[in-house]
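Peer 1: Next come a sequence and a model predicted from it.
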Number of protein chains: 2
Amino acid sequence: MLYSKLFGKSVKKAPSDATLNSHKLLYQAGFIRESTAGRYFILPLGQLVQLKIMDIIRKEMNQSGAQEMLSPVLHPLSLWEETSRTKTTGFELMKIKDRRDFWFALGGTAEEMFVDVVRKFRPSYKDLPFNIYQFSLKFRDELRARGGLLRVREFIMKDAYSFDVDEESFRKEYGKMWDAYIKCFTIMGLDTIVVESDNGYIGGEYCHEFVVESEIGETTFLTDGKSYNAHVDVAKFKREEINPNDEIKTFAIISQPEWVQTMDDNLKHYKLPKSRFLKNVVYKKRVNNEIIIAVIRGDLDVNKIKLEHTVDAVGQLEDASEIDLKKLGTKKGYVHSWGHKKARYIGDLSLTTVKNFIGGQKEKTTDSINVNYGRDFNCEKLADIALAKEGYISESGNKLIGKRGIEVGNIFQLGYHYSKRMKNAVYVDRTGKERYFYMGSYGIGIGRSLAAIVEKFHDDKGIIWPESVAPYKFHLVGLDLEDEEVSKKVYKVYYVLKEKGQEVLFDDREDVTAGEKFADADLIGIPHRLVVSKRSGDKIEHKKRPEKSSELISIDQLVSSFL
Amino acid sequence: MLYSKLFGKSVKKAPSDATLNSHKLLYQAGFIRESTAGRYFILPLGQLVQLKIMDIIRKEMNQSGAQEMLSPVLHPLSLWEETSRTKTTGFELMKIKDRRDFWFALGGTAEEMFVDVVRKFRPSYKDLPFNIYQFSLKFRDELRARGGLLRVREFIMKDAYSFDVDEESFRKEYGKMWDAYIKCFTIMGLDTIVVESDNGYIGGEYCHEFVVESEIGETTFLTDGKSYNAHVDVAKFKREEINPNDEIKTFAIISQPEWVQTMDDNLKHYKLPKSRFLKNVVYKKRVNNEIIIAVIRGDLDVNKIKLEHTVDAVGQLEDASEIDLKKLGTKKGYVHSWGHKKARYIGDLSLTTVKNFIGGQKEKTTDSINVNYGRDFNCEKLADIALAKEGYISESGNKLIGKRGIEVGNIFQLGYHYSKRMKNAVYVDRTGKERYFYMGSYGIGIGRSLAAIVEKFHDDKGIIWPESVAPYKFHLVGLDLEDEEVSKKVYKVYYVLKEKGQEVLFDDREDVTAGEKFADADLIGIPHRLVVSKRSGDKIEHKKRPEKSSELISIDQLVSSFL
């Protein structure tokens, strides 16, 4: 490719609102341009990288036995209603109707579509297992897009869906996808950490994110530094006994000065740590206005995501308002840990780690003390609804450390989540009986992976592409082109490389200084820079992008060493 | 690939509404499934073909110097408004707004988007010419979808856009694309006829369709059997003099029996051919209700598309209603060829081929005779607004023959159509002056090409894929698999082929008869069928799909002859 004719040349300045390195560099070097916020043109240089990433993934998916296909991106909205995902996805889902007033969702993920096409075949147990995937456009009407390709509203995703007869068979597929993902990302040059995470509106019981550690990542996770890595949304931790040696005392209502209102007031007044107090957090379920009071040890915070799973209300809880509390007959700071009619009580596991809690039935000048769970009050359910934090102890006994990263892929156990909600999502077993299929789904964001690679591989001069995903292998720079001899030589190198089927970007511009050409080569980040100039004589100056020094080699050496 | 695990196995019956061979065969053989009308799942077998077609096109496009990129499919609606295409596309354009009330068009073609990304760079004459293309989803809210992949509402298109400094440079690019298209289709096994056609809502002055001749095609075109091929929408023809030797007579208004009302009545009454009469056809322009009267020789019909181009109202003319005629002060059958105020008169070139027309000022019991264009009446413009038909004479003097075909690609001269309508659609010339770029656009429908291949290559047993686009090269059929020796041998053949990097579909099913396996192999249409059975002994039975007889070959012969 002649750089003079490349569409999407480098520019000096990045947009003023670009803060991320991947955004700045991909813009300046001519890989991407914004259309509207969160929707990008992938320019020719960017598309070359995108195609290579897709090829890497395609190869590993095929290797694992998965089969590529393609589904429409306009999904009949009725399918999303069949699984109630129209409710759980919220505003992110875009909808459109055609001239016949038929409603579609613009696909965000395609679980329903793949179930729909599979059930058309009414498969037998002999047809299973299979894993079908696609590279397809996805739409998310994100509230806020981030600059560059990290969080966008339209992107290509490799999404796969597996269909198995049972959990045992599914677990093998899940393992295969896990391994394939690690391999894909490794080939791209990315080290990924596999993080337990929340399945959100996808559904199912467990899932894992593949995360590239990065300060600018939006995924925050906790790690025990060994084998445990979990997104804060789902991270588990050990709740230690706070006062195991205390005697259980008699429940009492005591008077309390009127100035004691907040938790801080309590700490001052009782001179006891936060963990000795009961804390109540009130939520409302959007669909039916149900009130849920989460009761938790005072030093912990409620994890709304965990609570939503506990009460089967994914994406549906919001903080209760003052009006909601008024309806309950109370107000902020005076919610009781028991006794409010019309409210459901859900307790955290930490409630059993304290003897003689303070609080729980606070009024203006009284409060309860020596409150013991199980004796003085009960919740509908005790569950893990607490937010894990850095410094807490993991279940294996290590201190949890907080990290950030970029989620580039994820794998979901779906189990029977979709097959039980959709009609005829069954296979026929050996005995002729219909059984639900056991499902999983698996995604990789192509643009996100591309941006993550740039975040990991760059310096202050530009991008440093790993060879596996570089837009070209060679960046040939011609200098002193007004000199006919030199010009002949550099074109000869270009054609030799082309003839050998090599990927070369050839900077053939005649009105650009050597300095500018070198700066562009560094910015674009192609692995091997070749310079032909008066100075290089009969040889070619070869430099690897990340290295400082170059070497003079002959064209034969070039062919024998690097082709 | 093991056929037992393939997703999308063959079925006995096609849907009852499937009438086209491509629809029936692609459905039965497991290449496609309908999601909603006009939106298809491309199943694994279909996707393999689709990817091969895309690879063929990608290679030829790159070879021609075009550069692949990717644009969002949600286009800011403001861009379509900038060129007024929101008006000319009509209902086919789907629109959607996001949560911020920002409106988008779902891309049908992407001229505006590509101009938009190019103008962001403010290119110099040194950057031109370039041709940028993509494989991207396209949406058309068609009133009627056809069964199968021939006319759908969502499909992958290769669309390319060229930017040149002037027409001369553009013509070279147009020629390159022409050649590249011929080459692509030839590799796919398709003979295409290049047909002059209408540019419709795309704009520009001329364009060509690449058409695969087929009885079931929706494109109707006329050919002189030599070098002239033109879509009926644009086909030109020679208008011969009807009565060159007649004397020009004096214009007169004569009385006429009241029963003479229709053209047939006239023919009876005057005993003269249709061509001697004047005919008026009345249209209304949607945007401003302007009335246009097309005046034409009685034996010809008006071509609305040509007329729309003549009056610069593409996609905007509709037949005038009775109410429209009433407003004009007339009614059906009594429209005058001149004199209606508030109407624009456009005449066909045929008006000058007749001396002494009859008609033009018909009232209940009178009509005008000896009407001569130029002497007795004039139109605003004389233009080619007549519909060409089979049997007419081409401009080169040959009889036109009507044919039908499937349009698989098209190339459009756009000229300044977009650059003049969009802001800053300019490059900077040598002198620093801004100039409009000269554009072209070029499309190939991937699914349409796939279906056209099936329409051309099939027999009563199934599809017969050309090797260049076949989903697999070999269809290995294992029979007598309960026999351990045979089973071992067939798996060995499978693994040898796999090891050599060959594409093999291996029918490993154990509960299916030989007859069924052969029927499936014929239906799916893979070029080389290999059978291993008790009967084949140490050899492999090899048969090419279209041939009747098979030959016994050894595995070594297989490797040496076909790999």
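Peer 2: That came in fine, so what should we check first?
Peer 1: C-alpha from now on. contacts and neighbour counts both.
Peer 2: Fine.
Peer 1: Quick one: name the residues of the stretch 51-200 of chain A near chain B.
Peer 2: Taking Cα under 8 Å from any Cα of the partner chain as the contact definition, the stretch 51-200 of chain A meets chain B at A:67-72, A:76, A:91, A:94-96, A:98-99, A:117, A:121, A:126-130, A:132, A:141, A:143, A:154.
Peer 1: make it 7 Å
Peer 2: A:67-72, A:94, A:96, A:98-99, A:127-128, A:130, A:141 (Cα under 7 Å from any Cα of the partner chain).
Peer 1: Quick one: buried ones out of those?
Peer 2: Among those, those buried by neighbour count (16 or more other Cα atoms under 10 Å in any protein chain shown) are A:67-72, A:94, A:96, A:98, A:127-128, A:130, A:141.
Peer 1: picking up where we left off before, strands - which of the residues of the stretch 51-200 of chain A next to chain B land there?
Peer 2: Among these, the ones falling in strands (DSSP state E) are A:67-68, A:94, A:96, A:130.
Peer 1: one step back: next, format the residues of the stretch 51-200 of chain A next to chain B as CSV and append pLDDT and distance to B:Ser321.
Peer 2: What follows is those, written out as CSV (pLDDT from 0 to 100; distance: Cα to Cα, whole Å):
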residue, pLDDT, distance to B:Ser321
A:Gln67, 98, 56
A:Glu68, 98, 53
A:Met69, 98, 49
A:Leu70, 98, 46
A:Ser71, 98, 44
A:Pro72, 98, 40
A:Met94, 94, 40
A:Ile96, 96, 33
A:Asp98, 94, 28
A:Arg99, 92, 24
A:Asp127, 96, 60
A:Leu128, 97, 61
A:Phe130, 98, 59
A:Asp141, 92, 45
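Peer 1: Quick check: chain neighbours aside, which residue is closest to A:Asn370?
Peer 2: A:Asn356 (3.7 Å; Cα to Cα, 6 or more residues apart in numbering or on different chains).
Peer 1: Just the helices from the stretch 1-150 of chain A, written as ranges.
Peer 2: A:21-28, A:44-63, A:77-82, A:85-88, A:111-119 (DSSP state H, counting those that start in this stretch).
Peer 1: and what of the stretch 351-500 of chain A?
Peer 2: A:417-421, A:446-456, A:484-499.
Peer 1: Nearest spatial neighbour of the residue in the stretch 451-563 of chain A that chain B sits nearest to, chain-adjacent residues omitted?
Peer 2: Proximity of the stretch 451-563 of chain A to chain B (Cα to the nearest Cα) peaks at A:Arg509, 9.2 Å away. In this structure, A:Arg509 finds its nearest non-sequential neighbour in A:Ser4, 5.6 Å apart by Cα to Cα, 6+ apart.
Peer 1: Wait, the one you found touches A:Asp511, no?
Peer 2: No: at 10.3 Å, A:Ser4 does not count as touching A:Asp511 under the criterion of Cα atoms under 7 Å.
Peer 1: Just to be sure, A:His309 is in a helix?
Peer 2: Yes: applying DSSP: H, G, I helix; E, B strand; the rest coil, one finds A:His309 inside a helix.
Peer 1: Return the residues in contact with it.
Peer 2: Not one residue lies near A:His309 by Cα atoms under 7 Å, 6 or more residues apart in numbering or on different chains.
Peer 1: For B:Leu351, see how far away it is.
Peer 2: 79 Å (Cα to Cα, to the nearest Å).
Peer 1: Count the residues that sit near A:Thr262.
Peer 2: Number of residues near A:Thr262 (other Cα atoms under 10 Å in any protein chain shown) recorded here: 11.
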